[in-house]
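>>> The sequence isn't on hand, but the structure is:
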């Protein structure tokens, strides 16, 4: 990431001749200074019809116009190329709502990064099904909402979460070891904006108690996976993963402890890629322009 | 591993007070010099009845007797402790039969280690369902047997493999990317002595074409697993695993290429652990005294 | 680590025949149940005179006596074997003083682990040369002392740090990205109890601005090192290290950000090894019974 | 890498507005289909004057002309942009000379990759200061030259190596654990085309016996570095590095054995990046478009 203000264009479109020339030509024509750019052609591995992905950072003050005009002028090109696209402004902080339960590691980790501006975001509120971290979060000056979830009140609870998220104009929801399964409706309403950290190296050990599953199978490495939440449990597009070595002497409790370090690092990396528009979803997979 | 000649005792038994004292006391009584020793108590993670594992290297010339007498004298202790145990002599090379198909990487890798004596073993023969590497293996002075396998001759082929293995008094069989599934009978006849290298991070992507499966799922790391072969495909006790990072730009072919490096390293480490009696099987898991 | 109360004996002595038998025999004689035990013989790699290291966890309630009597009864054996040794009780929390400056990541990380009892320690106080984290630390109910350090007051400042540390009966001091160099006197007064996290993979990039040095050299991985502080800067015995991959697109700022994740993980692991008496110092190296 | 024939343009030039537009515009104008493209702006981290790097793969049969005409037509653009540039053809195999001594691992590894066409190169000859691998190399149908090096004949030996390399029109020289230091003249005559694998994680442990140095310092990870050879020992631009975890129980011999696995993997990756024109040298650093 660059210290100057910049606009980030991220886009995908059907592959053809001349895409980079068309887009970079437009930017050059207006004296736009490209700070960073990444391109990827996915040929579908044999399936017909490739798809093209790109991400371009342009220095804001190199252009003779602002973001709104950029969008206006770029639109015809995007239409011609049949693009899915968006442009964001590095000066506008994204609004990220954190969801937590009773485990501390991801919450402390994300607040540390927010406090030091490593994560340069707004956290309009934290939502939890427990009040464990109310004092801690509020000490940071961030509103904390307890929305208990029980078998009886599930629908009402999810409605309340949705209301709170919409109320603060949330743009990204982070399940920071939030131990409830969101309703399919919620997942589908906010596609590619809810991030989860699953405490296994997916697709191994889907569902509950993955460390117990890993212990039973006797694996020699354990991992964590940051993915977009879809209505199918632990099946969404994977953004980031990592692993750590264990051995026969490690109990489930040891694995939980080692795992926490991987979970918070993987969640933080995945979230940063997402916030910097480095993640482009392609079917159930991701292009991550690290 | 130590340059001097040594005996390796590896054993497991029900856990109780005084096991180490009993075993190390016996060794000390005969002035045995312990070069390396490892112990592990598995409490069954809550299940009743823990099990104890150990591996001890004793300098051969520190003892006043040879291996046969060591065995004789140790037997009563082993019986008292209800041990599964064995003792091996570092001066006696193990007889390892390699099984290959048409992929070169594990074969070249193992022969390089054998040639330099990093792997200090006998390779009485290499068996393959193809003649691809006949010249290469024979150049190294190792007999090469082609045993074709087809849907029609499966039973006869496995009988021939078994005959060849028994004929050379094989002690370990290594499936070095051997692309046939052994018969359940063969797997059960040689428990914990057939090692396979599976080209995924198990339990993900069992069975055929794991790199294609990994590509489809969009994982961010790929791996390999060295495990003992049992009659259930890719379900045997895991000895060693490792992974390597990939990204969206890697095709299935790239993953195959990266994967080969992990496969050969994991197989070589797993095989060494096995040959040095560092692997003790416990149900469907392993204790690996690295 | 085990949920039951246990005593941890850690010791080193000149290598000879019968050490394990002597120590484990003593424990067995009193019906001591060994939960975990590790041994290592260092032959000095050719130098004359090997040294033996061990660490044994014994279940407290399996013994017929308490720690004081254990010590008393074990002393003659320790003397006979010329041991450096200590025994600690898992029920007695260690007193750990944290030293910080203005970077948040290690502090948040350690307090998160302390808050959840993953790190089961007393933190009698946090000392800093800045007041940045005063509110945050005090919110956790931990006293916070500001001891400014300037070229003029160095001696007085270190005297004050020593006074505070002694006053709270500190047993371990953790430099959690404390950006001052302790005086040689302080380092020598508390040998093997001051831990530092250095933000490079030592011995590369000793001293100031290691990420700038790494950027200049164009390395492809950056790392962090947890080590005991000695009077020679960044030269003390290494306890734990790790690395993370970077590439040409990463600026110094990116490296700092990636590095923070490695720093806090390495410091936390190193500190846990230290607190569980898993680290035995041997000259300028460590034996770490992970 | 792509199965179709393609041309690879790699280039660097002073950074300015419109570089991508100029280059991709040229390609699009001739209906060139871009398979893969990578760009990097190095702002010099504060120093004045950034530099721009790029690598573009264009499908050969999408263009209406062959390589010679591509070069001719592209030249004016390259001059306008003050580029260092080259274009290569995936159908033309590069000529790579291997230099070895008495260690087998890198040689077996590279020949395995060459045999399976994973490395799609010509190996016109192997040169060694020993005859250890003469039979092995010749069995592969590759000429093997023994050029002994001794304190007395150093100049003559290097002259002979240069003669052999020039005679076979070598384009890349790989020091695959070649245990002699090349003369400064040789290093300077072939800049950025001689690759070495150093058996440490540089800049730690420069020079002789790095595993002994690592053992003495007590590091917890060991590594290997693939770099371009310059006249300063182990100081050339780093192409690729990796590490593996060790612990106190590993002797120097164990480290050598673990290290060999890292060495061959790092050398193979670095060599592939080099051969696919993915490595652009910038001062004493590299841009590697993986």
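Structure's in. What do you need? The structure presented is a predicted model; accordingly, all values stated were derived computationally and were not measured. Numbering: from 1, shown residues only, chains lettered A, B, ... in the order given.
>>> Neighbours of residue A:76, how many?
Neighbourhood size, residue A:76 [other CB atoms under 10 Å in any protein chain shown]: 10. The C-beta positions use only the backbone N, C-alpha and C, and glycine is treated the same way.
>>> Just the pLDDT for it.
Note on residue A:76: pLDDT of 98.
>>> List the buried residues for the helix or strand where it lies?
Using DSSP states H and E, residue A:76 falls within helix A:67-80. Residues A:70, A:71, A:74, A:77, A:78 are the ones in helix A:67-80 that count as buried (16 or more other CB atoms under 10 Å in any protein chain shown).
>>> any idea of the angle the next helix or strand after it forms with helix A:67-80?
Where DSSP H and E defines the elements, the next helix or strand beyond helix A:67-80 is strand A:84-89. Relative orientation of strand A:84-89 and helix A:67-80, computed by axes from the mean of the first three to the mean of the last three CA atoms, to 10 degrees: 160 degrees.
>>> partners of strand A:84-89 in the sheet?
strand A:6-14 (antiparallel) (DSSP bridges).
>>> is chain D contacted by the helix or strand just after the strand it pairs with?
Tracing the chain past strand A:6-14, the next element assigned as helix or strand by DSSP H and E is helix A:19-29. Yes. Using CB under 8 Å from any CB of the partner chain, a contact is recorded between helix A:19-29 and chain D, made by A:20, A:21, A:22, A:24, A:25, A:27, A:28, A:29.
>>> ok, which stretches of chain A are strands?
Using DSSP state E, the strands of chain A run over A:6-14, A:34-42, A:51-59, A:84-89, A:96-100, A:126-128, A:144-146, A:172-175, A:194-198, A:221-228, A:238-245, A:279-282, A:285-288.
>>> how about the fourth one: buried residues?
Translated: strand A:84-89. A:85, A:87, A:88.
>>> For the residue nearest to the second one when sequence neighbours are not counted, give its distance to residue A:64.
If I follow you right, that is residue A:87. In this structure, residue A:87 finds its nearest non-sequential neighbour in residue A:9, 5.0 Å apart by CB to CB, 6 or more residues apart in numbering or on different chains. Look at residue A:9 and residue A:64: by CB to CB, to the nearest Å, they are 17 Å apart.
>>> So between the two, which is more surrounded?
Between residue A:9 and residue A:64, residue A:9 has the larger neighbour count (other CB under 10 Å), namely 25 against 9.
>>> shouldn't the more buried one be in contact with residue A:53?
No. Assessed by CB atoms under 8 Å, residue A:9 is found out of contact with residue A:53, at 11.6 Å.
>>> Please report the distance of the residue in the stretch 151-290 of chain A positioned nearest to chain D from residue C:290.
Minimum separation of the stretch 151-290 of chain A from chain D (CB to the nearest CB) falls at residue A:245, amounting to 7.2 Å. As judged by CB to CB, residue A:245 and residue C:290 stand 10 Å apart.
>>> for residue A:141, same thing?
Plainly put, residue A:141 is 40 Å away from residue C:290 if you go by CB to CB.
>>> ok, how many other residues are close to residue A:195?
Quick note: residue A:195 (other CB under 10 Å) scores 26 neighbours.
>>> Take the strands of chain A and lay them out in a markdown table including distance to residue C:263 and mean pLDDT.
Output for those, formatted as a markdown table (distance: least, CB to CB, whole Å; pLDDT from 0 to 100):
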| stretch | distance to residue C:263 | mean pLDDT |
| --- | --- | --- |
| strand A:6-14 | 28 | 97 |
| strand A:34-42 | 26 | 96 |
| strand A:51-59 | 28 | 97 |
| strand A:84-89 | 30 | 97 |
| strand A:96-100 | 23 | 98 |
| strand A:126-128 | 26 | 98 |
| strand A:144-146 | 29 | 98 |
| strand A:172-175 | 23 | 98 |
| strand A:194-198 | 21 | 98 |
| strand A:221-228 | 19 | 98 |
| strand A:238-245 | 16 | 97 |
| strand A:279-282 | 26 | 97 |
| strand A:285-288 | 24 | 98 |
